[in-house]
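# Structure for the following, please:
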Amino acid sequence: MIILNMKKHDIIFIILLILIFIPFILSSNIFNAYLTFNHNHSLMTSFIKFAILATIGEIIGLRIKTGVYTKPGFGILPRMLVWGFIGVTIKIAMVIFATGTPYLLEYLGLNGAIKSMGGDFTLEKLFVSFSISVFLNVIYAPVMMTFHRITDMHINNTGGTIRGFFTPFGFNNLLLNLDWDVQWNFVFKKTIPLFWIPAHTITFLLPPDFRILFAAILGIALGTILAIADIMGDSKSIMKK
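Got it, this is the predicted structure:
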């Protein structure tokens, strides 16, 4: 059952979110310091941003699914570690695809693809950004999403503790028990073409220093998507019984 009624703890949660973001909006010094640190330490800031923002997305997903923001065994710290690591891989993947795709398009005959990414908005830049997003989401995203689902299952199976998280994963059993019907028919076939490719097209239209921040903010949406996927999986299991 999805619970959406606004309660006192929802208001507190929203206030905390505002407190996280508002210093960067109100203070140009803080915002400029962030830009400098992000430019000089992009992998570190990718870890931090995803560890915080994408985990917030999962917390929101838990709220949608159960009506609470946390529960015993949820494992906020292990989830932050996973999302931090995924954030680093996303940053690496974005650099690879944002650099390589324009060269590929040039090789295929689209002259000016590389130059277009450094200029103002044009239809050519939109097409190149769309192409980058397609390659990123078709080649990298399914692996990332499957890896996340496996780590999520492991966290749940080990009680959400840090000690449990660092026990052997047992990838074979986790892969066998993964709900591939939901993973393929919802997570891959629907969210990638209908949400992630358009969303990341916008991402690659942004300046490089802002792309990973926007991608991390999209992690909040990912938490909601994963919650819906869990609900779909639970409903299917109930129907089979």
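# Residue 211 touches residue 204, doesn't it?
Yes. Between residue 211 and residue 204 there is a contact under CB atoms under 8 Å: 6.7 Å. All C-beta atoms are positioned from the backbone trio N, CA, C, and that covers glycine.
# and for these two, which residues touch both?
94, 98 (CB atoms under 8 Å, 6 or more residues apart in numbering).
# Give me the distance between the residue lying closest to residue 138 once chain neighbours are set aside and residue 85.
Leaving aside its sequence neighbours, residue 138 sits nearest to residue 192 (CB to CB, 6 or more residues apart in numbering; 7.4 Å). Going from residue 192 to residue 85 by CB to CB, to the nearest Å gives 21 Å.
# And for residue 115?
Distance from residue 115 to residue 85, by CB to CB: 34 Å.
# hang on, the earlier thing: who has more neighbours, residue 211 and residue 204?
Shown here are residue 211 and residue 204; by other CB atoms under 10 Å, residue 204 has more neighbours (24 against 21).
# ok so, going back, which one of residue 115 and residue 85 has more residues nearby?
residue 85 (17 against 13).
# Which helix or strand contains that one?
helix 76-107 (DSSP states H and E).
# so where is the protein shaky, pLDDT-wise?
1-6, 223-224, 226-241 (pLDDT under 70).
# Where do the helices of it begin and end?
8-26, 28-40, 42-66, 76-107, 113-116, 123-135, 141-157, 162-165, 171-177, 180-182, 197-205, 208-240 (DSSP state H).
# Save those helices as JSON lines, and put in distance to residue 188 too.
Shown next, in JSON lines, are the helices of the chain (distance: least, CB to CB, whole Å):
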{"stretch": "helix 8-26", "distance to residue 188": "29"}
{"stretch": "helix 28-40", "distance to residue 188": "31"}
{"stretch": "helix 42-66", "distance to residue 188": "18"}
{"stretch": "helix 76-107", "distance to residue 188": "17"}
{"stretch": "helix 113-116", "distance to residue 188": "27"}
{"stretch": "helix 123-135", "distance to residue 188": "14"}
{"stretch": "helix 141-157", "distance to residue 188": "6"}
{"stretch": "helix 162-165", "distance to residue 188": "26"}
{"stretch": "helix 171-177", "distance to residue 188": "15"}
{"stretch": "helix 180-182", "distance to residue 188": "10"}
{"stretch": "helix 197-205", "distance to residue 188": "12"}
{"stretch": "helix 208-240", "distance to residue 188": "10"}
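# what does stretch 190-200 rub up against?
130, 132-134, 136-138, 141-142, 215, 218, 221, 225.
# Show the buried residues in these.
For the contacts of stretch 190-200, a burial check counting by 16 or more other CB atoms under 10 Å picks out 130, 132, 133, 134, 136, 137, 141, 215, 218, 221, 225.
# Can you give me the distance of the fourth one to residue 101?
Which is residue 134. For residue 134 relative to residue 101 (CB to CB), the value is 9 Å.
# Check the last one too.
Taking CB to CB as the measure, residue 225 and residue 101 are separated by 25 Å.
# Repeat that for the second one.
Per CB to CB, residue 132 is found 4 Å from residue 101.
# Pop out the phi and psi values for residue 75.
phi 70, psi 60 (degrees, to the nearest 10).
# what residues are up against it?
155, 156, 158, 159, 160, 161, 165.
# where's it relative to residue 46, distance?
21 Å.
# what do you get for residue 162?
Taken as CB to CB, the span from residue 162 to residue 46 is 22 Å.
# neighbour-wise, which of those two wins?
Neighbour totals were compared for residue 162 and residue 46, and residue 46 leads with 25 against 11 (other CB under 10 Å).
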